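1. For reference, the sequence and a predicted model appear below.
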Amino acid sequence: DAQPEDADEPKDESKDADGKDKPAGAPEAYEDFTLPEGMEMDVEILGEFKNLAKELNIPQAKAQQLIDFQSQLASKQAELYQAAVTKQAQDWAAEIKNDPEIGGENYDKSVASAIKVIQSFGDPALTELLNQSGLGNHPALFKFCHRISAAISEDKFVLPGSQSNTGRKSNEEVFYGSNS
């Protein structure tokens with residue numbers, strides 16, 4: 001009986017027929033994945049990822065690499081989005097500064113009037129929203145606030161003697177009119 005020499009030895013399941021390490025498959029249950037500090041992953045999405053990784057037979061370490069890569073993508077997308085928001089706000093501010101009506105030498109007064117409207121009729125949450133989103137620099141909103149300011153602060157010129165009675169009318173005058 002000629003038997004191979006290793007026939008009596010238990011076969012190592014982690015090796016393939018050539019004796020090389022077999023790639024490990026998906027674990028029975030994935031351990032918690034490590035995320036960068038300050039980053040959180042939606043529990044539902046994480047569950048879907050674990051199911052997909054299991055279906056594709058992805059080992060824990062490879063699944064962690066995918067999580068790391070996705071974290072990098074998410075961070076990069078957030079940076080690009082924030083840069084785009086900042087650039088848009090700067091472009092809007094430049095458009096306002098170059099506006100013939102409210103920009104140029106009128107710019108500082110226009111800004112002061114728009115801020116006055118926001119502070120008078122808004123609240124801190126509105127101010128925070130406008131500052132964080134960059135919408136405070138949107139030309140349409142800026143012009144809107146400027147027009148409100150102009151409308152509520154226009155002084156009316158009254159010629160002396162043009163008012164017949166500068167005092168308060170009596171109750172009788174209000175109800176029955178004046179006799180003159």
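-> Done, it's in.

2. who touches the host helix or strand of Arg147?
-> Arg147 belongs to helix 139-153 when assigned by DSSP states H and E. If you take CB atoms under 8 Å, 6 or more residues apart in numbering as the criterion, helix 139-153 is touched by 92, 95-96, 99, 101-102, 110, 113-114, 116-118, 121, 130, 135-136. Where you see a C-beta, it was placed from the backbone N, CA and C, and this is true even at glycine.

3. again, but for stretch 76-91
-> By CB under 8 Å, 6+ apart, the list of residues contacting stretch 76-91 reads Ser133, Gly134, Leu135, Gly136, Asn137.

4. distance of Gln70 from Pro36?
-> As judged by CB to CB, to the nearest Å, Gln70 and Pro36 stand 11 Å apart.

5. out of those two, which sits in the busier spot?
-> Between Gln70 and Pro36, Gln70 has the larger neighbour count (other CB atoms under 10 Å), namely 16 against 11.

6. burial measure for Ser149, as a count.
-> Number of residues near Ser149 (other CB under 10 Å) recorded here: 20.

7. quick revisit: report the backbone C-alpha coordinates of the helix holding Arg147 in PDB.
-> Taking Å, rounded to 0.1, in the frame of the first residue of the first chain, the C-alpha atoms of helix 139-153 are listed here in PDB:
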ATOM      1  CA  PRO A 139     -27.800  89.100  -4.400                       C
ATOM      2  CA  ALA A 140     -31.600  88.600  -4.500                       C
ATOM      3  CA  LEU A 141     -31.800  88.200  -0.700                       C
ATOM      4  CA  PHE A 142     -29.300  91.100  -0.200                       C
ATOM      5  CA  LYS A 143     -31.400  93.400  -2.500                       C
ATOM      6  CA  PHE A 144     -34.600  92.300  -0.800                       C
ATOM      7  CA  CYS A 145     -33.200  93.300   2.700                       C
ATOM      8  CA  HIS A 146     -31.900  96.500   1.300                       C
ATOM      9  CA  ARG A 147     -35.300  97.400  -0.200                       C
ATOM     10  CA  ILE A 148     -37.000  96.600   3.100                       C
ATOM     11  CA  SER A 149     -34.600  98.900   4.900                       C
ATOM     12  CA  ALA A 150     -35.100 101.700   2.400                       C
ATOM     13  CA  ALA A 151     -38.900 101.300   2.700                       C
ATOM     14  CA  ILE A 152     -39.000 101.400   6.500                       C
ATOM     15  CA  SER A 153     -36.500 104.200   7.000                       C
END
